[in-house]
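In: Provided below are the primary sequence and the corresponding predicted coordinates.
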Amino acid sequence: MEPNSHTQVTTPPTHWGTKAWNLLSQVQTQSPLVQCITNFVSMDLMANTLLSAGASPAMLHSLDEIHDFTPHADALCINIGTLSPPWLPAMKAAAAVCSENGKPWVLDPVAVSASGFRMNACVELVELRPTVIRGNGSEIIALSFASSDKPTKGADSVHESTDAVEAAKLLAQKSGAIVAVSGATDIVTDGHQVIGAHNGVPLMQKITATGCSVTALIAAFVAVDKSHALDAAVSALAVFGVAGELGMKIAKGPGSLRMHLIDALHELDEATLLSHVNITSLS
Ligand SMILES: Nc1ncnc2c1ncn2[C@@H]1O[C@H](COP(=O)(O)OP(=O)(O)O)[C@@H](O)[C@H]1O
Ligand SMILES: Cc1ncsc1CCOP(=O)(O)O
Ligand SMILES: [Mg+2]
């Protein structure tokens, strides 16, 4: 499929820190309105992540509000974590509004292989042309092959992100979306080039909704640079990872890391970000 008008020449390796800072600064100054139709688990951390980065979250999910509200959003984040049938029409309507109006939207296929219902919902959403799809290794492998034959471990990954590189490239080529796989190395691809963001700490996996929240952060970054969605996704993942690294310096465990990560994201300055960002080309 043709890319969703975002496969530009990507940032040279030496400029990634500056790129990430410029995008974070734009999020802080423009405060993009990010509509989130997400799961019950993630609503709090996701909204607080967006606020800490300078964006404006709105957790609106009623079908009755899509027509009035979604055209005013700068980006949309759809997450199927606690999906039930009544939510799907609103997700599809909001995604369609964005795709028809050239607004960026991001899909998080949480636990997509858990059931045929979840997989079918994701396949239908992918047909509505997300700008970015962000999942963990197991989710991207399952969605790429549209397979729920082997349900994995629910919302947690049983794969390394590096196991999912070929699946991510295939999914990007089939869907036209930028595909991001989170993990020890966050991998982002447009189906051809593959970029790795090596920030973050392992304890981030032990805080529920960090994956959901970084997907929403990607939506905020794409909102301020929608014609460079690959760069925006890489930068958002790196910024969130750096916030995790800074938070880890004073955290005592997952509970305090959750708090200190949000504080670090809010306080992040240019010099600190430039000295921590670790992004490389993997292709
Ligand atoms: N081993 C790790 N080392 C560093 N960062 C990690 C590691 N595992 C996950 N992360 C980070 O934690 C966040 C959530 O990723 P992940 O746990 O893969 O998502 P999900 O919650 O959807 O399964 C991402 O920002 C990712 O970069
Ligand atoms: C545990 C859980 N169950 C359904 S949604 C959800 C949250 C998943 O969040 P994340 O994918 O960010 O870990
Ligand atoms: Mg997840």
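Out: Right, received. Where do you want to start? As the structure is a computational prediction, the values presented were derived from the model and not from experiment. Ligands and ions are numbered 1, 2, ... in the order given.

In: Contacts only, for whatever residue of the stretch 51-200 of the chain ends up closest to ligand 2.
Out: Scanning the stretch 51-200 of the chain for proximity to ligand 2 using Cβ to the nearest ligand atom identifies G81 as nearest, at 2.8 Å. (Glycine included, C-beta is placed from N, CA and C.) By Cβ atoms under 8 Å, 6 or more residues apart in numbering, the residues touching G81 are 38-42, 108, 110-111, 155, 212.

In: Regarding the chain, what is its longest helix?
Out: Ranked by residue count under DSSP state H, the longest helix found in the chain is helix 229-248.

In: Tell me if it is near ligand 1.
Out: Yes. Using Cβ under 6 Å from any ligand atom, helix 229-248 reaches ligand 1 at 237, 240-241.

In: tell me what that helix is packed against?
Out: Under the contact definition 3 or more Cβ pairs under 8 Å, 6 or more residues apart in numbering; DSSP states H and E, helix 229-248 sits against helix 16-30, strand 132-136, strand 178-182, strand 186-189, strand 194-197, helix 210-224, helix 254-267, helix 270-276.

In: and of those, who's closest to ligand 2?
Out: helix 210-224 (3.1 Å).

In: Quick one: mean pLDDT for the closest one?
Out: Averaged across helix 210-224, the pLDDT comes to 99.

In: do the same with stretch 155-172
Out: Mean predicted lDDT for stretch 155-172 stands at 96.

In: so the residue nearest to I66 when sequence neighbours are not counted, which of the three states?
Out: Nearest-residue entry for I66: A93, 4.5 Å, with adjacent residues in sequence omitted and distances by Cβ to Cβ, 6 or more residues apart in numbering. Here A93 is recorded as helix under DSSP: H, G, I helix; E, B strand; the rest coil.

In: contacting residues around A93?
Out: Contacts were defined as Cβ under 8 Å, 6+ apart; by that measure A93 touches 63, 66-67, 70.

In: Next up, the contacts around the residue in the stretch 151-283 of the chain positioned nearest to ligand 1.
Out: Going by Cβ to the nearest ligand atom, ligand 1 is nearest to G211 of the stretch 151-283 of the chain, at 2.1 Å. By Cβ under 8 Å, 6+ apart, G211 lies in contact with 108, 110, 134-136, 155, 182.

In: and if we set it to 7 Å?
Out: Neighbouring residues of G211 by Cβ atoms under 7 Å, 6 or more residues apart in numbering: 136, 182.

In: So is stretch 226-246 next to ligand 2?
Out: No. Legend: contact between stretch 226-246 and ligand 2 by Cβ under 6 Å from any ligand atom is lacking; minimum distance shown is 11.4 Å.

In: what does the stretch 51-200 of the chain have sitting close to ligand 1?
Out: Counting by Cβ under 6 Å from any ligand atom, the stretch 51-200 of the chain sits next to ligand 1 at 136, 156-157, 182-184, 186, 200.

In: For A55, which non-adjacent residue is spatially closest?
Out: Spatially, and ignoring its direct neighbours in sequence, A55 is nearest to A220 (3.9 Å; Cβ to Cβ, 6+ apart).

In: wait, doesn't that neighbour sit right on S52?
Out: No. With contacts counted by Cβ atoms under 7 Å, A220 stays clear of S52, the gap being 10.6 Å.

In: burial measure for whatever residue of the stretch 1-150 of the chain ends up closest to ligand 1, as a count.
Out: Closest to ligand 1 within the stretch 1-150 of the chain is N136: 3.5 Å, counting by Cβ to the nearest ligand atom. Residues lying near N136 (other Cβ atoms under 10 Å) number 26.

In: hmm, back to that, so which of the contacts of A93 belong to strands?
Out: Per DSSP state E, strands hold no members of the contacts of A93.

In: And the helix or strand hosting A172, what does it pack against?
Out: According to DSSP states H and E, A172 maps onto helix 165-175. Under the contact definition 3 or more Cβ pairs under 7 Å, 6 or more residues apart in numbering; DSSP states H and E, helix 165-175 sits against helix 137-144, strand 178-182, strand 186-189.

In: just checking, what packs against the shortest one?
Out: Just to be clear, that refers to strand 186-189. Where contact means 3+ Cβ pairs under 7 Å, 6+ apart, strand 186-189 is packed against helix 165-175, strand 178-182, strand 194-197, helix 229-248.
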